[in-house]
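Novice: Got a predicted model here, sequence first, then my questions.
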Amino acid sequence: MSVVAVVVLSLAACMSLAEAVIRMPVDAASTPFTSREANIIHVAMNGGMALMFTELYDHNAALLLTCVYALLSLALMMRIGWLWNRAPRTRRAEVVGGSVYHLVGLVAMIYAIRLMPMPAGAMSMVGMTMPAHDMPLVATALGAIFLLDGVVTFLLVAFAPHTIFRMGPRRPTIFQAHEPTQQQVRYLRMLAIPHVIMDVGMAIMLI
């Protein structure tokens, strides 16, 4: 089961990396799943979780991942402040919402790394539980948030993809005059896969 988890998480990370580098032809650069920020976070999160399911994961790898996520968190906090100052007062929450969620994900990942079992390869998708710690409700609450986001994202992308195109912070009304094409909807659905996989992986680790 761990091998399956590594393959799925690695493929999800590669999908996000390809989108961040190649920029697939979908006119939805500001949606929660296709922005460059989202792709970078998905690469880091899914790639990190894939590493945690291998024999390469040890104390040094945990320290490296913690440093990476801490640096990304610092960069995101600076970006959130920049977006907040630039956004119109009536749209500030909408503009920074995606970045705040990514920041929560990074902090939750650092939290999970400090709590996950050692030595290397100790994680498995079946029977994986968090060790006893001081704040079990925090882990459960974070896991529930990721699970809920994964379910909502799946339902929206599968059954109401047009609403996603109106959630971007930079161009919230881009498709008010013209609905997205089928090609754009297909790309959106494909690029939402790493996001859902990230949510499910985090939920499994934390709940």
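Specialist: Alright, I've got the coordinates. Numbering: from 1, shown residues only.
Novice: so how far is the helix or strand bottoming out on mean pLDDT in the chain from its chain's centroid?
Specialist: Across the helices and strands of the chain, mean pLDDT, DSSP states H and E gives its lowest value to helix 161-164, namely a mean of 80. In terms of C-alpha atoms, centre = their mean, to the nearest Å, the centre of helix 161-164 is set 18 Å apart from its chain centre.
Novice: now swap in stretch 144-160 and tell me
Specialist: Worked out by C-alpha atoms, centre = their mean, stretch 144-160 lies 12 Å from the chain centre.
Novice: does Thr153 really touch His195, like I thought?
Specialist: Yes. Using C-beta atoms under 8 Å, Thr153 makes contact with His195 at a distance of 6.0 Å. For glycine as for every other residue, the C-beta is placed from the backbone atoms N, C-alpha and C.
Novice: Mind checking which of these two has more residues around it?
Specialist: His195 (25 against 19; other C-beta atoms under 10 Å).
Novice: which strands and helices sit next to the least confident helix or strand of the chain?
Specialist: The helices and strands touching helix 161-164, judged by 3 or more C-beta pairs under 8 Å, 6 or more residues apart in numbering; DSSP states H and E, are helix 136-159, helix 182-206.
Novice: How about residues contacting the first one?
Specialist: With C-beta atoms under 8 Å, 6 or more residues apart in numbering as the test, helix 136-159 has contacts from 33, 101, 104-105, 108, 111-112, 115, 130, 133, 163-164, 188-189, 192, 195-196, 198-200, 202-207.
Novice: All set now, cheers.
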